[in-house]
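J.: Got a predicted structure plus its sequence, pasted below:
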Amino acid sequence: MPEYETHEFDVVVIGAGGAGLRAALEARDQGARTALICKSLLGKAHTVMAEGGIAAAMGNVYPDDNWRVHFRDTMRGGKMLNSWRMAQLHAQEAPDRVYELEEWGALFYRTPDGRILQRDFGGHRFARLAHVGDRTGLEMIRTLQHRVVSQGIDVFMECTVMRLLIEDGRIAGALAYWRESGRLVLFRARAVVLATGGIGKAWKVTSNSWEYTGDGQSLALWAGADLVDMEFVQFHPTGMVWPPSVRGILVTEGVRGDGGVLRNSEGKRFMFDYIPEMFRGETAETEDEADRWYDDRKNNKRTPDLLPRDEVARAINAEVKEGRGSPHGGVFLDIASRRDAAYIQRRLPSMYHQFKQLADVDITKEPMEVGPTCHYVMGGVRVDPDTQAATVPGLFAAGEAAGGMHGANRLGGNSLSDLLVFGLRAGRYAAEYAKELREAPGVDDRQVEATASEALAPFERDGGENPYTIQQDLQDCMQDLVGIIRTEEELKSALERIATLKERAARVGVEGHRQYNPGWHLALDLQSLLTVAECVTLAALERRESRGAHTRDDYPKPDPEFGKVKMVVRQRDGELTVDREPLAEMPDDLKQLFEEQP
């Protein structure tokens, strides 16, 4: 048994993005001894990629906005598969969380009379995204990070959790390793909050950074928790497509919110050809009306360029497939002909520098080439809407690692407010749970030893499989067979390939020693990547319809029966299963919101 250091806390938060930082702050405020573990350096979380803004119905730009409209937009964007209670709490509490950030030092753009400015975004009826140019996520992380440091919360950076430890059916802690030294770390804990983000590194073209290997979803599943909605993977419609070295890097929806439009190779604004019936009543059908909407929203309908992300991604995919794409396999996003250079550089400074430096494109003079990129998973750990408690006692989850809030598709801007609202709730109720335990649960040394032995096994396999090759093969599999458009035949083929990759991963070998060994780190991450890839594929195979971000070519329309159920993934005796379970019934007063005209 290798040596390991030990730490003991009431609450351990895994992940230091927006949700993890907010959870740690709340747990600390509730009096819990709190630790924050991050796979990378503090401040490097994927939250900084959320550039456009924080969705909150503050009504600073349009006084008619309120939580009910935001709730309605969120549910319709998620094709009514959302947890209605999570969507309600999110819409009601988001404004307070934004004002709280402001109190802690966040600097937002302002209206002429000094209030927080809000911008338009896809799927939102009103301009409701509080923003800092196109660097909102960075400002949010900066603010929360500074507060965490000022509160003296223990932070374990460059530390990766491998397994959650269970005693008597409840959380007892976690086993991790220092990435720099390879030394093992045992965290004894009464409660654990998972805030590890998404799963995008299972796909070839993604906006996600290297950390997004599905750690939280896998840790929960292996510990006996349920996952929900894993078939719903959002492909953001606008990622960079050229040059190849930057393919998939996010292009914020704020470009379209500030007047940018999508064009095909013929120069046509093609989104007018892809307006779904659900949104036809509130979407402009002519370019003239769409253009008037930017200046007079009361008397005109919104541009189809700001339809929800799933609709836009499918439209771009169709244009490219039919031969009307850009030279490098995307479409054109044009703001240069719509706004002057000073406006673009002021409102979209990051996008200006990103394209200038990475693609040698001046977005104030020429259009961008963009295409869909794997961006976000709506599914995740199944949680109680109010407490964020998972189905394993002592385990909580928030942010992208948790499922339910966004249903079949997430609206832009809802991610950052989701992190704040449910990060706070996860931290609060994890602290309450920890306080109620009379004594800390013990740790089974056999679990620790088994996990450690499994983690170090790759060093003992001379000539074993290369972890980088396995990840590349997995990414090709998911990109080709479990992408934007899916079929039963392709999904079954993907499951066969994943099974083969799992066998290969069991034979993976690494060279060198434990001191900062990226090959070893990836060998360990492969377990999570392969697990979440299988979860997504199984759930997608079971959902025989097209809804939200999940499109089946062999079942091209929504099925009312599938609109009543969610897919729940569990692991039993080492095998994954998928079950259909009914959605929670929405109260009548909330149902009435969908009978009203927009």
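T.: Perfect, thanks for sending it.
J.: Surely Gly442 and Ile171 touch.
T.: No. Applying C-beta atoms under 8 Å as the test, Gly442 and Ile171 come out as separate, 11.9 Å apart. No exception for glycine: its C-beta is placed from N, CA and C like everyone else's.
J.: When the two are compared, which one has more neighbours?
T.: Ile171 (26 against 12; other C-beta atoms under 10 Å).
J.: so the more buried one is in which element?
T.: Secondary-structure assignment from DSSP states H and E places Ile171 in strand 170-178.
J.: Just to check, Val228 is in contact with Gly404?
T.: Yes. Val228 is within contact range of Gly404, at 5.9 Å (criterion: C-beta under 8 Å).
J.: could you list every residue that touches Met368?
T.: Counting by C-beta atoms under 8 Å, 6 or more residues apart in numbering, Met368 touches Thr238, Met240, Val251, Val255, Phe332, Leu333, Asp334, Phe355, Ala359, Val361.
J.: what does Gln345 give?
T.: Per C-beta under 8 Å, 6+ apart, neighbours of Gln345: Tyr352, Thr364.
J.: circling back to that earlier point, for Val228 and Gly404, work out which one has more neighbours and name it.
T.: Remark: of Val228 and Gly404, Gly404 carries more neighbours, 29 against 23, as counted by other C-beta under 10 Å.
J.: Next up, the contacts around that one.
T.: Gly404 touches Asn82, Ser83, Met86, Val228, Asp229, Gly380, Arg382, Val383, Pro385, counting by C-beta under 8 Å, 6+ apart.
J.: Summarise which helices and strands the helix or strand harbouring His353 is packed against.
T.: Following DSSP H and E, one finds His353 within helix 349-359. Applying 3 or more C-beta pairs under 8 Å, 6 or more residues apart in numbering; DSSP states H and E, we find helix 349-359 packed against strand 233-240, strand 368-377.
J.: out of these, nearest to Ser415?
T.: strand 368-377 (6.8 Å; C-beta to C-beta).
J.: Low-confidence stretches in the stretch 451-598 of the chain?
T.: 597-598 (pLDDT under 70).
J.: could you dump the helix holding His353 to PDB, C-alpha only?
T.: Once non-C-alpha atoms are left out, helix 349-359 reads as follows in PDB (Å, rounded to 0.1, in the frame of the first residue of the first chain):
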ATOM      1  CA  PRO A 349     -13.000  42.700 -27.100                       C
ATOM      2  CA  SER A 350     -12.200  39.100 -26.500                       C
ATOM      3  CA  MET A 351     -13.700  38.000 -29.800                       C
ATOM      4  CA  TYR A 352     -11.800  40.700 -31.600                       C
ATOM      5  CA  HIS A 353      -8.400  39.600 -30.200                       C
ATOM      6  CA  GLN A 354      -9.300  35.900 -30.400                       C
ATOM      7  CA  PHE A 355      -9.800  36.000 -34.200                       C
ATOM      8  CA  LYS A 356      -7.000  38.500 -34.800                       C
ATOM      9  CA  GLN A 357      -4.400  36.400 -33.000                       C
ATOM     10  CA  LEU A 358      -5.600  32.900 -33.800                       C
ATOM     11  CA  ALA A 359      -7.100  33.100 -37.300                       C
END
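J.: Not counting its own residues, what contacts the lowest-mean-pLDDT helix or strand in the chain?
T.: Every helix and strand in the chain was compared by mean pLDDT, DSSP states H and E; the lowest is helix 277-280, with a mean of 88. With C-beta under 8 Å, 6+ apart as the test, helix 277-280 has contacts from Arg76, Leu307, Pro308, Glu311.
J.: any idea how far it is from the chain center?
T.: Distance, stretch centre to chain centre, for helix 277-280: 26 Å (C-alpha atoms, centre = their mean, to the nearest Å).
J.: pLDDT of the helix or strand just after it, averaged?
T.: Using DSSP H and E, the helix or strand that follows helix 277-280 in sequence is helix 287-293. For helix 287-293, mean pLDDT rounds to 93.
J.: What average pLDDT does the helix or strand just after helix 287-293 get?
T.: Downstream of helix 287-293, the next assigned helix or strand under DSSP H and E is helix 309-321. For helix 309-321, mean pLDDT is 92.
J.: helices or strands next to helix 309-321 in the packing?
T.: Counting contacts by 3+ C-beta pairs under 8 Å, 6+ apart, helix 309-321 is packed against strand 233-240, strand 261-263, strand 331-334, strand 368-377.
J.: And the closest residue to Gly78 other than its chain neighbours, how far from Phe396?
T.: Closest residue to Gly78 apart from its sequence neighbours, by C-beta to C-beta, 6 or more residues apart in numbering: Gly407 at 2.5 Å. Noted for Gly407: a distance of 21 Å to Phe396, by C-beta to C-beta, to the nearest Å.
J.: So which of these two has more stuff around it?
T.: Neighbours were counted for Gly407 and for Phe396 using other C-beta under 10 Å; Phe396 has more, 33 against 29.
J.: That one: what's it in contact with?
T.: 23, 191-194, 383, 387-390, 426, 429-430, 433.
J.: Specify which member of the contacts of Met368 is nearest to Asp476.
T.: For these, the nearest to Asp476 is Met240 (19.9 Å; C-beta to C-beta).
J.: Report the contact partners of that closest one.
T.: Met240 neighbours (C-beta under 8 Å, 6+ apart): 246-251, 354-355, 358-359, 368-370, 373.
J.: Compute the number of surrounding residues for Gln92.
T.: Neighbour count of Gln92, defined by other C-beta under 10 Å: 16.
J.: repeat for the one 4 residues further on
T.: Summarising burial for Asp96: neighbours were counted as other C-beta under 10 Å, giving 14.
J.: Retrieve the pLDDT associated with the closest residue to Lys356 other than its chain neighbours.
T.: Excluding the flanking residues, the one nearest Lys356 by C-beta to C-beta, 6+ apart is Asp362, at 6.1 Å. Per-residue confidence (pLDDT) for Asp362: 96.
J.: For Asp362, list the residues it contacts.
T.: By C-beta under 8 Å, 6+ apart, the residues touching Asp362 are Ala336, Tyr352, Phe355, Lys356.
J.: Buried among those? Need that as a selection in PyMOL.
T.: The PyMOL selection below is limited to those of the contacts of Asp362 classed as buried (16 or more other C-beta atoms under 10 Å):
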select buried, resi 336+352+355
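J.: So which of the contacts of Asp362 is the closest to Leu129?
T.: Using C-beta to C-beta, Tyr352 is the member of these that lies nearest Leu129, at 19.1 Å.
J.: Nearest residue to the closest one in space, please, no chain neighbours.
T.: Counting by C-beta to C-beta, 6+ apart, Gln345 is the residue found nearest to Tyr352 once chain neighbours are left out, at 5.3 Å.
J.: try Gly43
T.: Nearest one to Gly43, counting by C-beta to C-beta, 6+ apart, is Gln145 at 5.1 Å.
J.: just Leu81 next, same as before
T.: Gly407 (3.7 Å).
J.: mind listing the helices for the stretch 101-250 of the chain?
T.: 136-150, 215-222 (DSSP state H, counting those that start in this stretch).
J.: quick check: angle from the longest one to helix 349-359?
T.: Compare the direction of helix 136-150 with that of helix 349-359 by axes from the mean of the first three to the mean of the last three C-alpha atoms, to 10 degrees and you get 110 degrees.
J.: For helix 136-150, list the C-alpha coordinates in PDB.
T.: Extracted as PDB, the C-alpha positions of helix 136-150 are listed here (Å, rounded to 0.1, in the frame of the first residue of the first chain):
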ATOM      1  CA  THR A 136     -18.300  37.800 -17.900                       C
ATOM      2  CA  GLY A 137     -17.200  34.300 -16.800                       C
ATOM      3  CA  LEU A 138     -13.700  35.700 -16.100                       C
ATOM      4  CA  GLU A 139     -15.100  38.500 -13.900                       C
ATOM      5  CA  MET A 140     -17.300  36.000 -12.100                       C
ATOM      6  CA  ILE A 141     -14.400  33.700 -11.300                       C
ATOM      7  CA  ARG A 142     -12.100  36.600 -10.300                       C
ATOM      8  CA  THR A 143     -14.700  37.900  -7.800                       C
ATOM      9  CA  LEU A 144     -15.500  34.500  -6.300                       C
ATOM     10  CA  GLN A 145     -11.900  33.400  -6.200                       C
ATOM     11  CA  HIS A 146     -10.800  36.600  -4.300                       C
ATOM     12  CA  ARG A 147     -13.600  36.000  -1.800                       C
ATOM     13  CA  VAL A 148     -12.600  32.400  -1.300                       C
ATOM     14  CA  VAL A 149      -9.000  33.400  -0.600                       C
ATOM     15  CA  SER A 150     -10.100  36.200   1.700                       C
END
